[in-house]
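**Q** For reference, the sequence and a predicted model appear below.
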Amino acid sequence: MIFFDIAVRNLKRHKVRSVLAAVGIIIGVIAIASLGIVGNSLSVLMGGLVSDVSDTVLVTPHLAASSGDPFDPRNTLAARISERNLGLIEKAAGQHRAIPMILASERLQVRDVGGYVTVYAMPADDIPFLLENEAGIYPQGRSSGVMVGSLLADELDLHPGSRIEVGGESVRVTGIAAERGMGIDINPDYALIVTEDWYTERHGDQDYSRVVVKVSDLSEIEGVKAAIDQQINRRKEVVDVLDSREILEIYYETSDAINIFLLGIGAVSLLVASVSILNVMIISVTERTGEIGLMRSIGARRREVLVMFLYESLILGIAGSLVGGIVSIAVGYYVSASVAEFFTDFAMSGGAGIPVSVVIGYVAFAMAFGTATSIVAGFYPAWKAAQLNPIEALRYE
Amino acid sequence: MPVISFEHVSKVYPLPAGDVVALDAVDIAIEAGEFILVMGPSGSGKSTLLNIMGSLDVPTSGEVTIAGNRISGMDDDDLTLLRRDHIGFVFQQFNLIPLLSVVENVEYPLILKARQNGSRERAEEVLEAVGIAETHFSHKPGELSGGQQQRVAIARALANDPDFLLCDEPTGNLDSKTGTAIMDLLDRMNREEGKTVVMVTHDPRMTDYADRTIRLVDGRVA
């Protein structure tokens, strides 16, 4: 243990240098752990997001520049699905329900608050099929009532019977849709839901932005998808047909890529820290060449000199990793809670926390990586110190 | 039995320009309790002789026995332990560790040998024996005079109770008065404690302290 004591003493001699080297490790450990936790939390949230609507086949107009992402705004802004194609989709879907919808944007004015909101227009019969009613009643036919998404209603303090202005026209809120969270089919929490009749009466007949097919038996998803594809895309690509599993796959691939990227950033910061330790240790060995010569001449063996310098980098690594690990747990939980809160508020219906084991796992991985990096970084200077010839080291000035 | 014995020892440094013979068939025997001076002009092989006596270097040929141990065939670890257990070094530049206190500097070899702390008492005892006041124990070497620093270095050399002291021009960095005091200290250690002292010096006045002088010229004992 004496060489450990000497190593501690040597680190204390150059407090600022030692602390700065440890800070590098602290930053690296925090980077790896918290970025890993954030990446994992996104993964968890994305998984929850899509699995909520695993019974859905989404049909969107095909665009030459389609990204394959159903949330790509270009899909809703440009091409449409015609009435004829809707008929073909309904035919292909068979007994499964095909719900056509128009996505639009309207100016909403409530008292002195105004702004644009998303409007979902769909057949009145389909609304109860897709959305739960939290309060009031569903909008009916051409009546001037609209349904308001739960979070929008909360924010603007709207209740069934409230009067609001939509596109300059005063309308009554018939009901409040229950909070649903984001899905691949519809995101109504901050939107207005109106009947198709209500909408077309004011804006004329329009083709549809998307068709959502609800498949009652999950094993039939593949068949329904293929049938729609066969019916419409036989000659040319008219629509994109995606099911939730495909979207899940896209999300997982994306989240994996994000995870690797984030961990990569963390690893790079830790490598930079290891270079800093390498640098500190080389400076230390160079400065203490005479002392190493003295130690060797009065009885310290090569491996003891090696161990002493390795202790120094190990202490830096463990101290940095411990502090970094503690901070990472706090940062990780904060970031994870913030992300979960964000998604809960704006997108998901349920809370989405990250399991403690995942947080501990990433922190432990980062700490182990930080400590290992320090030892590796310290090995060369330690080896160099151990190999010094005592006669030459004593002469060194 | 001699504490240090050289039998036909040679040391050759192979250099690109040709071999340099630092020691050439040297025969020396130093008995316990002797005070030996090693003198000679620059390049005569004094440092090489001292390095081999200190087991910091090994001869190219010949046999060296230190404290009863033949150093030929010893590996680096064995040589290190030989130095630790049997030899005390005193350098011209003192070679004290600047950021350790006086007493910690003396404790250092004790810790290396015992592999644990708790050698403070012995360090203090040796410091007192070389004339360092207790008030200086906690000082850093830089706060002491050159003479005091060399006393601390001698205390460090004596800490592990070695068989002999190897002193490389211990007064070379000191004024004559301080140098005399250091020589008196080494002389006292030799006479009263029975320590064998081998000292390299250029100063002919030091011969008064020595039992005998080994003169080297071109790597040979003259």
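**A** Thanks, I have it.
**Q** Where does chain B get nearest to chain A, which residue?
**A** Residue nearest to chain A within chain B: residue B:84 (2.6 Å; C-beta to the nearest C-beta). C-beta coordinates here come from the backbone N, C-alpha and C atoms, glycine included.
**Q** what helices or strands is the helix or strand hosting that residue leaning on?
**A** Assessed by DSSP states H and E, residue B:84 sits inside helix B:76-86. Helix B:76-86 sits against helix A:302-346, helix B:102-114, with contacts defined as 3 or more C-beta pairs under 8 Å, 6 or more residues apart in numbering or on different chains; DSSP states H and E.
**Q** Apply 6 Å and report the result again.
**A** Based on contacts counted as 3 or more C-beta pairs under 6 Å, 6 or more residues apart in numbering or on different chains; DSSP states H and E, there is no element that helix B:76-86 packs against.
**Q** can you give me the offset of it from its chain's centre?
**A** 14 Å (C-alpha atoms, centre = their mean, to the nearest Å).
**Q** Report the buried residues of it.
**A** B:79, B:80, B:81, B:82, B:83, B:84, B:86 (16 or more other C-beta atoms under 10 Å in any protein chain shown).
**Q** what's the closest of those residues to residue A:304?
**A** Nearest to residue A:304 among the buried residues of helix B:76-86: residue B:80, at 8.7 Å, using C-beta to C-beta.
**Q** and chain B, which residues reach chain A?
**A** B:51, B:56, B:77, B:80, B:83-84, B:89, B:95, B:97, B:99, B:109, B:111-112, B:115-116 (C-beta under 6 Å from any C-beta of the partner chain).
**Q** Now the buried members of those.
**A** Buried, going by 16+ other C-beta under 10 Å: B:51, B:56, B:80, B:83, B:84, B:89, B:95, B:97, B:99, B:109, B:111, B:112, out of those.
**Q** Which parts of chain B are helices?
**A** B:46-53, B:76-86, B:102-114, B:120-129, B:146-158, B:176-192 (DSSP state H).
**Q** Dump those helices to JSON lines, plus distance to residue B:66.
**A** Formatted as JSON lines, those follow (distance: least, C-beta to C-beta, whole Å):
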{"stretch": "helix B:46-53", "distance to residue B:66": "7"}
{"stretch": "helix B:76-86", "distance to residue B:66": "6"}
{"stretch": "helix B:102-114", "distance to residue B:66": "17"}
{"stretch": "helix B:120-129", "distance to residue B:66": "22"}
{"stretch": "helix B:146-158", "distance to residue B:66": "16"}
{"stretch": "helix B:176-192", "distance to residue B:66": "18"}
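**Q** nearest to residue A:124, of these?
**A** Taking these one by one with C-beta to C-beta, helix B:102-114 is closest: 89.4 Å.
**Q** surely the residue of chain B closest to chain A meets residue A:299?
**A** Yes - in this structure, residue B:84 is within contact of residue A:299 by C-beta atoms under 6 Å, at 2.6 Å.
**Q** Just the element for the residue lying closest to residue A:395 once chain neighbours are set aside, please.
**A** The spatially closest residue to residue A:395, leaving aside those adjacent along the chain, is residue A:293, at 7.6 Å (C-beta to C-beta, 6 or more residues apart in numbering or on different chains). In the assignment (DSSP H and E), residue A:293 maps to helix A:289-297.
**Q** where in chain A is pLDDT low?
**A** Confidence mapping of chain A against pLDDT under 70 gives the ranges A:1-2, A:44-54, A:64-78, A:144, A:182, A:248, A:332, A:335-336, A:338-354, A:397.
**Q** can we see that at 50?
**A** Regions of chain A meeting the criterion pLDDT under 50 cover residues A:51, A:65, A:75-76, A:346-352.
**Q** residues near the residue nearest to residue A:145 when sequence neighbours are not counted, how many?
**A** Ranked by C-beta to C-beta, 6+ apart and with sequence neighbours excluded, the top spatial neighbour of residue A:145 is residue A:174, at 3.4 Å. Neighbourhood size, residue A:174 [other C-beta atoms under 10 Å in any protein chain shown]: 23.
**Q** Can you tell me which helices and strands the one helix or strand in chain B whose mean pLDDT sits lowest packs against?
**A** In chain B, no helix or strand scores lower on mean pLDDT, DSSP states H and E than helix B:102-114, which sits at a mean of 88. Packing partners of helix B:102-114 (3+ C-beta pairs under 6 Å, 6+ apart): helix B:120-129, helix B:146-158.
**Q** Now with 7 Å, please.
**A** Helix B:102-114 is packed against helix B:76-86, helix B:120-129, helix B:146-158, with contacts defined by 3 or more C-beta pairs under 7 Å, 6 or more residues apart in numbering or on different chains; DSSP states H and E.
**Q** For residue B:110, give me its contacts.
**A** B:119, B:122, B:123, B:159, B:160 (C-beta atoms under 7 Å, 6 or more residues apart in numbering or on different chains).
**Q** Tell me the most packed of these, by neighbour count.
**A** residue B:159 (25 neighbours).
**Q** where's that one relative to residue B:6, distance?
**A** 27 Å (C-beta to C-beta, to the nearest Å).
**Q** again, but for residue A:325
**A** Distance from residue A:325 to residue B:6, by C-beta to C-beta: 59 Å.
**Q** what are the ranges of the helices in chain A?
**A** Using DSSP H, helices in chain A cover A:2-13, A:15-51, A:73-77, A:83-93, A:127-130, A:150-156, A:196-203, A:221-232, A:244-287, A:289-297, A:302-346, A:356-386, A:390-395.
**Q** and residue B:134, which of those helices is closest to it?
**A** helix A:2-13 (22.4 Å).
**Q** so the closest one versus helix A:15-51, what angle?
**A** Going by axes from the mean of the first three to the mean of the last three C-alpha atoms, to 10 degrees, helix A:2-13 is angled at 90 degrees with respect to helix A:15-51.
**Q** Tell me which of residue A:325 and residue B:6 has more neighbours.
**A** Set residue A:325 next to residue B:6 and count neighbours by other C-beta under 10 Å: residue B:6 wins out with 25 against 22.
**Q** follow-up on the earlier one: my read: the residue nearest to residue A:145 touches residue A:139, true?
**A** Yes - between residue A:174 and residue A:139 there is a contact at 4.9 Å, judged by C-beta atoms under 7 Å.
**Q** Need the overlap of contacts for these two.
**A** Counting by C-beta under 7 Å, 6+ apart, the residues touching both residue A:174 and residue A:139 are A:145, A:146, A:147.
**Q** My read is that the first one contacts residue A:169, right?
**A** Spelled out, it's residue A:145. No - contact criterion C-beta under 7 Å: residue A:145 and residue A:169 do not qualify, at 11.9 Å.
**Q** Compare the two and say which is more crowded by neighbours.
**A** Neighbours were tallied for residue A:145 and for residue A:169 using other C-beta under 10 Å; the higher tally belongs to residue A:145 (21 against 10).
**Q** Contacts only, for that one.
**A** With C-beta under 7 Å, 6+ apart, residue A:145 has these contacts: A:139, A:171, A:172, A:173, A:174.
**Q** From these, pick the one nearest chain B.
**A** Distances from chain B to those, taken by C-beta to the nearest C-beta, are shortest for residue A:173, at 77.5 Å.
**Q** So what's the residue count around the closest one?
**A** 23.
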